[in-house]
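[1] sharing a sequence plus its predicted fold:
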Amino acid sequence: MTSPRQYTLAVDPPHQPSLENFVVGANAELLQVLRTSQPSFAGCWIYGESGSGRSHLLSACCRAAREQQRTAICIAGAHRVQQPASLLADLEQAARGGELVAIDDIDYLLGDVTTELLLMAIYQRLYAEQGAMLVSHAGPAHVPTIHTPDLASRLRSLQHFQILPLSDDHKMALLQARASHRGYELSQPVLDYWLARGPRSVGALLRDLEILDTAALAQQRKVTIPLLKRVLGY
């Protein structure tokens, strides 16, 4: 089997997450809740497997809020490992203001008293000011160990939504939409071959798409099954 090759390209339009370009699949109820303005405090705990679209949805909600001239603060929990000082500054800012606070990968913040107290302060402020709080995690809120009892009860009281996995048809729709955004099309035979032999997770498919479309653009070639086999190695 040929090993996948890596390519680089200087011009690569970034994907901008939005509620419109999220492939809904069986998650219509979740999308409806995220699109609906609430007259009082609103909170959602969104969970699902890696690559399910949790980060996409939180980024999309922040983007939509800003387009509506609302203040939105997006916090990446993973920055606790990469940028701990910056993360604490973001949490402190969110405890003071912001109509929407979205915390991606909240699991990185749980189990530490300092960050849990800041999360509690964020919740209390948003509740008092009728704001909105979105959090994402790999599992439901009753699974994580939370040291602060008041925070645990409040997080578990949020509306819970599991992002349900996409069917193969929905995965194809996602790949087609991303390819179209890049300026080319994926034929049905290519998609059928890809889904039959490639990885099953959405995250892995999108990573492969980055390799495939860069190769196609670099060589100015149409995406075909032979190109897919040569570039991705299956």
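    Sure, I can see it.

[2] how about the CA coordinates for the lengthiest helix in the chain, as PDB?
    Criterion DSSP state H: the longest helix present in the chain is helix 202-219. Presented in PDB, the C-alpha positions along helix 202-219 are these (Å, rounded to 0.1, in the frame of the first residue of the first chain):
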ATOM      1  CA  VAL A 202     -15.800  12.700  10.500                       C
ATOM      2  CA  GLY A 203     -12.600  14.200  11.900                       C
ATOM      3  CA  ALA A 204     -10.400  11.700  10.100                       C
ATOM      4  CA  LEU A 205     -12.300  12.200   6.800                       C
ATOM      5  CA  LEU A 206     -11.900  16.000   7.100                       C
ATOM      6  CA  ARG A 207      -8.200  15.600   7.700                       C
ATOM      7  CA  ASP A 208      -7.900  13.400   4.700                       C
ATOM      8  CA  LEU A 209      -9.800  16.000   2.700                       C
ATOM      9  CA  GLU A 210      -7.200  18.500   3.600                       C
ATOM     10  CA  ILE A 211      -4.500  16.300   2.100                       C
ATOM     11  CA  LEU A 212      -6.600  15.300  -0.900                       C
ATOM     12  CA  ASP A 213      -7.700  18.800  -2.000                       C
ATOM     13  CA  THR A 214      -4.300  20.300  -1.500                       C
ATOM     14  CA  ALA A 215      -2.800  17.600  -3.800                       C
ATOM     15  CA  ALA A 216      -5.500  18.200  -6.400                       C
ATOM     16  CA  LEU A 217      -5.100  22.000  -6.400                       C
ATOM     17  CA  ALA A 218      -1.300  21.700  -6.400                       C
ATOM     18  CA  GLN A 219      -1.400  19.500  -9.500                       C
END
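
[3] tell me the contacts of Arg35?
    Residues near Arg35 by CB atoms under 8 Å, 6 or more residues apart in numbering: Leu19. (Glycine included, C-beta is placed from N, CA and C.)

[4] domain ranges for the chain?
    Domain assignment for the chain, taken from automatic domain parsing, gives 28-162, 168-232.

[5] which of those domains comes out lowest on mean pLDDT?
    Among the domains of the chain, domain 168-232 carries the lowest mean pLDDT, at a mean of 88.

[6] give the next helix or strand downstream of the longest helix of the chain.
    Counting by DSSP states H and E, the next helix or strand C-terminal to helix 202-219 is helix 225-232.

[7] tell me which residues in that following helix are buried?
    For helix 225-232, the neighbour count (16 or more other CB atoms under 10 Å) marks Leu227, Leu228, Val231, Leu232 as buried.

[8] how close does the residue nearest the centre of the chain sit to Ser187?
    In the chain, the C-alpha nearest the mean C-alpha coordinate belongs to Ser55, at 1.8 Å (CA atoms, centre = their mean). Relative to Ser187, Ser55 is positioned 29 Å away (CB to CB, to the nearest Å).

[9] one more: Leu110?
    Distance, Leu110 to Ser187, using CB to CB: 45 Å.

[10] those two: which has the busier surroundings?
    Neighbour totals were compared for Leu110 and Ser187, and Leu110 leads with 21 against 13 (other CB atoms under 10 Å).

[11] which parts of this protein are strands?
    All strands of the chain, identified by DSSP state E, fall at 42-47, 72-76, 100-104, 132-137, 159-162.

[12] can you tell me which helices and strands the second one packs against?
    The elements that strand 72-76 packs onto, with contact taken as 3 or more CB pairs under 8 Å, 6 or more residues apart in numbering; DSSP states H and E, are helix 54-67, helix 84-96, strand 100-104.
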